[in-house]
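Engineer: Sharing a model prediction with you, sequence too.
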Amino acid sequence: MSDNVAPPAKPVKTTGLHVGDPAPGVKKVDPIIIADGVKRTFGGLTAVDVEHVEIPRNAITALIGPNGAGKTTFFNLLTGFDKPDEGKWQFDGRSLAHVPAYRVARMGLIRTFQLTKALGLLTVLDNMKLGAKHQAGENLFRSILPFLWRKQEEEIEQKAQELLTRFKLDAKQEDYAASLSGGQRKLLEMARALMSDPQLVMLDEPMAGVNPALTQSLLDHILDLKAQGMTVLFVEHDMHMVRHIADWVIVMAEGKIVAEGDPHEVMRDPAVIDAYLGAHHDTDLGDDDPDAAEHVNAMKELIDDEQ
Ligand SMILES: Nc1ncnc2c1ncn2[C@@H]1O[C@H](COP(=O)(O)OP(=O)(O)OP(=O)(O)O)[C@@H](O)[C@H]1O
């Protein structure tokens with residue numbers, strides 16, 4: 001989809017993704033990731049304990065759950081940024097256990113990573129170039145043959161510029177990345193991820209810190225990834241976004257998958273209501289942990305909408 005084409009008012013949801021009743025661990029018709037017995041503990045705390053989960057291909061899956069549910073840890077495990085105590089998982093039929101993060105990325109599973117202080121001191125264009133894979137400099141033989149890497153440099157730069165234009169960041173390409181707004185940073189993170197032509201893009205809280213002016217644009221870009229044949233897996237606390245664009249929702253609580261289903265079914269699942277509201281079902285949260293209170297209240301609102 002090009003930027004000139006107006007997006008549909010309501011995203012087209014992909015259905016028919018699972019086999020049998022939606023329940024934790026339900027089989028998918030065409031899974032791109034299959035994980036089994038993945039466990040990660042920190043001292044005495046079990047952060048992730050996933051018995052079985054499958055991520056559907058060419059769909060948008062949201063991974064949700066209350067604070068501390070293990071979502072980020074599970075993301076880190078899948079992408080090789082952390083090592084599990086036990087378990088195995090495969091991406092597109094290939095085992096990913098013990099595969100380091102840089103090789104996972106080369107295999108086509110990319111996760112956006114936040115613009116760190118160091119990356120903020122690079123220009124927007126240089127940030128994009130860092131996202132390219134198979135660079136000649138990585139290979140001694142190729143790196144001593146300038147005609148090979150010069151051509152490649154040009155191709156990388158051209159691709160970076162095309163993506164920056166698509167993400168409406170082309171006017172900023174020479175600016176330091178640190179000068180971008182929160183929403184523009186999210187766009188840059190996503191554009192950089194696309195430099196390596198991934199099959200699966202994993203987004204960690206894509207809506208965090210994004211002002212309303214850029215929200216629609218970000219949503220459109222995520223929908224666009226699916227339209228281009230990619231698979232998207234994202235962690236997000238913004239339930240409106242989850243309901244709006246996710247084809248499938250996986251709910252984690254205390255390290256385990258407690259529910260799966262399409263967004264509307266999942267919001268009605270008693271296990272999800274319990275996970276989010278727990279003992280606070282009839283109380284107002286607020287003072288102790290404003291973040292948690294915000295998530296729980298957002299969830300309450302949506303559950304009420306669904307009932
Ligand atoms: N490096 C670590 N050392 C010790 N404990 C950790 C570490 N990383 C995560 N944890 C703990 O593991 C649990 C799961 O954390 P995780 O960040 O994965 O949850 P989350 O669902 O992503 O939460 P949030 O929505 O708040 O980001 C939490 O209790 C957290 O404190």
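Structural biologist: On my side now, so go ahead.

Engineer: can you tell me which residues contact Thr41?
Structural biologist: Applying CB atoms under 8 Å, 6 or more residues apart in numbering, one finds that Thr41 lies in contact with 47, 85. From N, CA and C alone the C-beta is placed, and that goes for glycine too.

Engineer: mind listing the helices for this protein?
Structural biologist: With DSSP state H, the ranges of helices along the chain come out as 71-78, 101-106, 117-120, 124-130, 140-143, 146-166, 182-194, 212-227, 239-245, 263-268, 270-277, 290-306.

Engineer: who in this protein is up against the ligand?
Structural biologist: 42, 45, 47, 65, 67-73 (CB under 6 Å from any ligand atom).

Engineer: what's the farthest-apart pair in the residues you listed?
Structural biologist: For these, the maximum inter-member distance is 17.0 Å, found between Phe42 and Gly65 (CB to CB).

Engineer: Give me the more crowded residue out of the two.
Structural biologist: More neighbours surround Gly65 than the other of Phe42 and Gly65, with 25 against 10 (other CB atoms under 10 Å).

Engineer: okay but the more buried one is in contact with Met252, surely?
Structural biologist: Yes. Here Gly65 reaches Met252: they are 3.8 Å apart, a contact under CB atoms under 8 Å.

Engineer: quick one: common contacting residues for these two?
Structural biologist: Common neighbours of Gly65 and Met252 (CB under 8 Å, 6+ apart) are 71, 258.

Engineer: Which residue or residues pair with Glu260 through a beta bridge?
Structural biologist: Legend: beta-bridge partners of Glu260 under DSSP bridges are Ile250.

Engineer: How about the contacts made by it?
Structural biologist: With contact taken as CB under 8 Å, 6+ apart, Glu260 is in contact with 18, 22-26, 53, 248-251, 266.

Engineer: Which one of the residues of the chain next to the ligand is nearest to Lys133?
Structural biologist: Distances from Lys133 to the residues of the chain next to the ligand, taken by CB to CB, are shortest for Thr72, at 24.1 Å.

Engineer: Phe234 bridge partners, please.
Structural biologist: Beta-bridge partners for Phe234, by DSSP bridges, are Ala62, Leu203.

Engineer: Now do it: how many residues are near it, please.
Structural biologist: Residues lying near Phe234 (other CB under 10 Å) number 24.

Engineer: That one against Ile64, yeah?
Structural biologist: No. Look at Phe234 against Ile64 with CB under 8 Å: they stay out of range, at 9.4 Å.

Engineer: In the stretch 151-300 of the chain, where is pLDDT below threshold?
Structural biologist: Scanning the stretch 151-300 of the chain for pLDDT under 70 picks out 279-296, 298-300.

Engineer: Break this protein down into its domains, please.
Structural biologist: Here the domain parsing of the chain from automatic domain parsing is 1-115+197-307, 122-179.

Engineer: Of those domains, which stretch is the most buried?
Structural biologist: Among the domains of the chain, ranked by average contacts under mean count of other CB atoms under 10 Å, first place goes to domain 1-115+197-307 (a mean of 17).

Engineer: and that one, how far from the chain's centre?
Structural biologist: 7 Å (CA atoms, centre = their mean, to the nearest Å).

Engineer: which non-adjacent residue is nearest Arg57?
Structural biologist: Of all residues not flanking Arg57 in the chain, Ile32 sits nearest, at 4.0 Å (CB to CB, 6 or more residues apart in numbering).

Engineer: For Pro56, see how far away the one you found is.
Structural biologist: With distances taken as CB to CB, to the nearest Å, Ile32 is found 7 Å from Pro56.

Engineer: what do those two both touch?
Structural biologist: Common neighbours of Ile32 and Pro56 (criterion: CB under 8 Å, 6+ apart): Thr231.

Engineer: what residue is smack in the middle of the protein?
Structural biologist: Leu203 (2.0 Å; CA atoms, centre = their mean).

Engineer: give me every residue that touches the spatially closest residue to Val251 that is not a sequence neighbour.
Structural biologist: Nearest residue to Val251, sequence neighbours excluded (CB to CB, 6+ apart): Ala259, at 4.2 Å. Contacts for Ala259 (CB under 8 Å, 6+ apart) come out as 23-24, 249-251, 266, 269, 271-272, 275.

Engineer: same question, Leu200
Structural biologist: By CB under 8 Å, 6+ apart, the residues touching Leu200 are 32-33, 55, 91, 108-110, 230-233.

Engineer: got the end-to-end distance for stretch 247-258?
Structural biologist: 18 Å (CA to CA, to the nearest Å).

Engineer: Now Asp262. Its backbone dihedrals?
Structural biologist: Phi and psi for Asp262, reported as degrees, to the nearest 10, are phi -80, psi 160.

Engineer: about what we covered before: thought Thr231 was touching the residue nearest to Arg57, still the case?
Structural biologist: Yes. The pair Ile32 / Thr231 is scored as a contact, 5.1 Å apart, by CB under 8 Å.
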